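J.: Pasting a predicted model and its sequence here:
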Amino acid sequence: MRRRTALIGLGHALGASLALGANAPTTWRLATGYRASSFHTENLRWFAEAAGRATGGALRIDVVPDNQLAPLARIEGEVRAGRIEAGETIMSSLVAEVPIAGADSVPFVVSSYVDARRLWTLQRPLIERHFAERGLVVLYAVPWPPQGLYSRRPISDVSDFRGSRMRTYNATTVRIAQLLGAEPVDVPMVQVAQALQAGRIDSMITSAVTGVESSVWQHINHYHEINAWFPKNIVFVSRLAFERLDASQRQALLRTAGEAEARGWQLSEAAASTSTQTLRQQGMTVSRVPAQVDAALKRLGEKFSREWVRSVGHEANAIFVPYYLQSPR
Ligand code: PCA
């Protein structure tokens with residue numbers, strides 16, 4: 001009798017643990033280097049919740065912002081190594097290993113969200129292939145608003161940059177600073193306010209939304225809308241983690257990623273205009289650059305593109321030839 005009770009007890013325990021196994025969600029950590037308050041991170045949280053619902057609670061994604069799991073520049077490597085399941089990074093930061101990832105940071109190629117979408121449609125298949133070779137599955141990509149030029153003083157000539165210190169956030173912005181004759185100073189986005197306060201930088205190229213998030217008006221007065229490029233953040237998961245989902249969960253996840261991408265592009269476009277207004281309301285001078293500066297910047301942009309196309313080779317043509325052929329302009 002005692003033995004029977006014990007067996008029944010064991011049976012219950014086994015049943016309970018099997019049931020627990022069936023119900024316990026797969027949990028992924030998704031690392032980002034941007035703040036919880038960034039529109040990108042808000043969209044990641046939306047994606048995580050929507051993916052949870054779409055998989056009937058089988059997948060739980062915990063978004064970990066602000067470089068807490070790994071610094072932005074290392075997130076892709078950590079996901080590749082399987083130490084973090086999923087992540088977000090700024091795509092052009094991968095340019096040294098995946099040159100085509102730099103396509104969206106070539107200056108003055110894309111000047112509107114419509115262009116940016118066209119470029120992503122052409123770039124995406126190549127990016128997916130390179131990511132697959134690295135053991136990663138692409139979920140979605142969302143652009144930052146157009147990149148403008150912040151400076152302590154108004155820019156009346158490109159020679160104003162000579163010897164000044166320009167904040168950079170990856171290899172492409174470093175090269176642009178060099179072409180302008182400025183000294184590149186690497187500052188992660190979350191430390192921009194500090195760097196300005198400490199007087200470590202005189203200028204930077206980034207979006208209006210990043211200026212707002214860093215309350216730059218406390219230290220810097222001029223914002224020039226040069227619309228230089230629309231860099232994208234890319235969200236991805238390790239293929240091993242992805243393959244642990246069953247086929248219907250994978251489908252649900254990819255469908256949700258498509259929705260998050262559409263939603264993110266809308267958030268970006270909305271943030272582009274509200275944040276430029278905020279810069280104005282905070283007393284910053286928002287203007288274009290003088291015509292001769294504009295022309296000089298475009299020439300630098302062309303030099304950058306030539307270097308980039310040469311370093312990337314045929315994949316650059318695979319994107320830019322159809323991009324320019326389809327151009328409505
Ligand atoms: N903000 C990020 C990347 C591009 C942008 O608009 C940054 O400044 O680092």
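T.: Received, thanks. Numbers count the residues shown, from 1 in each chain.

J.: can you tell me the helix or strand for the most centrally placed residue in the chain?
T.: With distances taken as C-alpha atoms, centre = their mean, Asn233 lies nearest the centre of the chain, 1.7 Å away. Asn233 belongs to strand 232-238 when assigned by DSSP states H and E.

J.: Could you list the residues in contact with the helix or strand that that strand is followed by?
T.: Where DSSP H and E defines the elements, the next helix or strand beyond strand 232-238 is helix 239-243. Defining contact as C-beta atoms under 8 Å, 6 or more residues apart in numbering, one finds that helix 239-243 is touched by Thr26, Trp28, Gly82, Glu85, Ala86, Ala132, Gly135, Leu136, Val137, Arg250, Leu253. The way it works is simple: take the backbone N, C-alpha and C, and place the C-beta from them, glycine included.

J.: Give the buried residues for the helix or strand just after helix 239-243.
T.: Where DSSP H and E defines the elements, the next helix or strand beyond helix 239-243 is helix 247-281. Within helix 247-281, the residues that qualify as buried are 249-250, 252-254, 256-257, 260-261, 263-265, 267-268, 271-272, 275-276, 278-279, counting by 16 or more other C-beta atoms under 10 Å.

J.: and if you look at stretch 193-207?
T.: Quick answer for stretch 193-207 (16+ other C-beta under 10 Å): Ala193, Ala195, Leu196, Ile201, Asp202, Ser203, Met204, Ile205, Thr206, Ser207.

J.: What mean pLDDT does that stretch get?
T.: Mean pLDDT, stretch 193-207: 97.

J.: Show residues contacting it.
T.: Outside stretch 193-207, the residues within contact range by C-beta under 8 Å, 6+ apart are 144-153, 161, 164-169, 173, 176, 182, 185, 187, 189, 192, 214-216, 218-220, 226, 228, 272, 275.

J.: How about stretch 262-271?
T.: Contacts for stretch 262-271 (C-beta under 8 Å, 6+ apart): 39-40, 42-43, 46, 113, 117, 140, 142-145, 208-209.

J.: As PDB, could you dump the C-alpha coordinates of it?
T.: Extracted in PDB, the C-alpha atoms of stretch 262-271 (Å, rounded to 0.1, in the frame of the first residue of the first chain):
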ATOM      1  CA  ALA A 262       6.200  48.700 -40.200                       C
ATOM      2  CA  ARG A 263       5.400  50.200 -36.800                       C
ATOM      3  CA  GLY A 264       9.000  51.200 -36.200                       C
ATOM      4  CA  TRP A 265       9.300  53.100 -39.500                       C
ATOM      5  CA  GLN A 266       6.100  55.100 -38.500                       C
ATOM      6  CA  LEU A 267       7.600  55.900 -35.100                       C
ATOM      7  CA  SER A 268      10.800  57.000 -36.700                       C
ATOM      8  CA  GLU A 269       9.100  59.300 -39.100                       C
ATOM      9  CA  ALA A 270       6.900  60.800 -36.400                       C
ATOM     10  CA  ALA A 271      10.000  61.300 -34.100                       C
END
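
J.: what mean pLDDT would you report for it?
T.: Mean pLDDT, computed over stretch 262-271, is 98.

J.: Now do the contacts for the residue in the stretch 1-150 of the chain that the ligand sits nearest to.
T.: Closest contact between the stretch 1-150 of the chain and the ligand, by C-beta to the nearest ligand atom, is at Trp144 (3.6 Å). Contacts for Trp144 (C-beta under 8 Å, 6+ apart) come out as His40, Ile90, Thr206, Ser207, Val209, Thr210, Phe230, Pro231, Lys232, Asn233, Ser268.
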